[in-house]
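A.B. asks: quick one, what's the 3D model for this:
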Amino acid sequence: MKKLSPYIFPAIVLGLVFLLVFRWYTMRTDRVESGLLSEGVIIENLSEDEVQALDSVADFQAAEMVSTSEDATGTVKYEVKDDKVTFTVSAVLPEEETEYQVWLQEVDSETTRHAFDLEMKKGGYIGSAAFSADLLPLKVVVRNGANLTGDGAGVLLETTIEAPEAME
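C.D. replies: The predicted model follows:
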């Protein structure tokens, strides 16, 4: 027994370290694998040609955005095709010095991710992007770029893009 006693404590410490590293790794991968913040999720901005092609498509769906202020209105036009959701946000917002941003939020979570900034065009503020249809349903939220701190801060418009029945 005296020959083994110098090895018992280091073996216990190594076993404990291995257990803690294994626990940390499994918790990290469980948390990151799904949702907006996972490494494989890409939100791509659309080019002008892709936006015009989306506008010419007759199969798009529209969702009215719910306003948290009286002087903001907007719609989201989207199409689910080839496991990809292509969407355009059109909003009439007060012209201010600040910029307006579009964020995507998981429906049952507070997890959000910046999608794009809205640009002022002829018909109001407009922006487009695309993401994987696997993320549906998602909330599309328009925020005032100057006020992004706190729970729900700066939210002007929001709506939910639902998953189509064929995908469920």
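A.B. asks: what helix or strand does the residue most central in space within the chain sit in?
C.D. replies: The centre of the chain sits closest to Leu104, judged by C-alpha atoms, centre = their mean, with a distance of 3.3 Å. When secondary structure is defined using DSSP states H and E, the element that contains Leu104 is strand 100-106.
A.B. asks: how far is that strand from where the chain is centred?
C.D. replies: 6 Å (C-alpha atoms, centre = their mean, to the nearest Å).
A.B. asks: residues contacting it, please?
C.D. replies: 35-36, 43, 89, 91, 93, 111-118, 125, 127, 129, 131, 135, 138-145, 148, 156 (C-beta atoms under 8 Å, 6 or more residues apart in numbering). Yep, even glycine has a C-beta here, placed from its N, CA and C like the rest.
A.B. asks: among these, which ones are buried?
C.D. replies: When neighbours are counted using 16 or more other C-beta atoms under 10 Å, the contacts of strand 100-106 contain these buried positions: 36, 43, 89, 91, 93, 112-113, 115-116, 118, 125, 127, 129, 131, 135, 138-144, 156.
A.B. asks: okay, and which of those residues map to strands?
C.D. replies: Residues from these lying in strands, with DSSP state E as the criterion: 89, 91, 112-113, 115-116, 125, 127, 129, 131, 138-144, 156.
A.B. asks: could you point out the longest helix of this protein?
C.D. replies: The single longest helix within the chain, with elements called by DSSP state H, is helix 5-32.
A.B. asks: output the lowest mean pLDDT helix or strand found in this protein.
C.D. replies: Every helix and strand of the chain was ranked by mean pLDDT, DSSP states H and E. The lowest is helix 48-56, at a mean of 65.
A.B. asks: strand partners of the next helix or strand after that one, parallel vs antiparallel please.
C.D. replies: With elements assigned by DSSP H and E, the helix or strand that comes after helix 48-56 is strand 61-64. Using DSSP bridges, the strands paired with strand 61-64 in its sheet are strand 73-81 (antiparallel).
A.B. asks: can I get the strand it pairs with as CSV, trimmed to CA atoms?
C.D. replies: Once non-C-alpha atoms are left out, strand 73-81 reads as follows in CSV (Å, rounded to 0.1, in the frame of the first residue of the first chain):
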residue,chain,number,x,y,z
THR,A,73,-45.9,51.1,-39.5
GLY,A,74,-44.4,48.2,-41.4
THR,A,75,-44.7,44.9,-43.2
VAL,A,76,-42.5,41.9,-43.7
LYS,A,77,-42.7,40.1,-47.1
TYR,A,78,-41.1,36.7,-47.1
GLU,A,79,-40.7,33.6,-49.2
VAL,A,80,-39.7,30.1,-48.0
LYS,A,81,-38.0,28.3,-50.8
